[in-house]
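**Q** 3D model of this:
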Amino acid sequence: RFEKLKADGLLDSPATAAGKVLAYLARADFGSKPVADVRDPA
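**A** Numbering: from 1, shown residues only. Now for the predicted structure:
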């Protein structure tokens, strides 16, 4: 799946991915779910 996403240009750049992770860590509900996805809206 990763290879297809990469081939189709659907992966975020490292900087964009890092920004999403940092934004997720700053959310008020951070830690409320044992498994989370940074793509989930706030």
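**Q** What ranges does this structure have for its helices?
**A** Counting by DSSP state H, the chain has helices at residues 2-7, 14-25.
**Q** average pLDDT across the longest one?
**A** It refers to helix 14-25. The average pLDDT within helix 14-25 is 92.
**Q** Export the helices of the chain as JSON lines, with columns for mean neighbour count.
**A** Glycine gets a C-beta too; all of them are placed from N, C-alpha and C. JSON lines is the format used below for those (neighbours: other Cβ atoms under 10 Å):
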{"stretch": "helix 2-7", "mean neighbour count": "9"}
{"stretch": "helix 14-25", "mean neighbour count": "11"}
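**Q** Columns distance to G31 on top of these, output as a markdown table?
**A** A markdown table is the format used below for these (distance: least, Cβ to Cβ, whole Å):
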| stretch | distance to G31 |
| --- | --- |
| helix 2-7 | 27 |
| helix 14-25 | 9 |
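**Q** And the contacts of stretch 10-30?
**A** Stretch 10-30 has contacts (Cβ atoms under 8 Å, 6 or more residues apart in numbering) with F2, L5, A36, V38, R39, A42.
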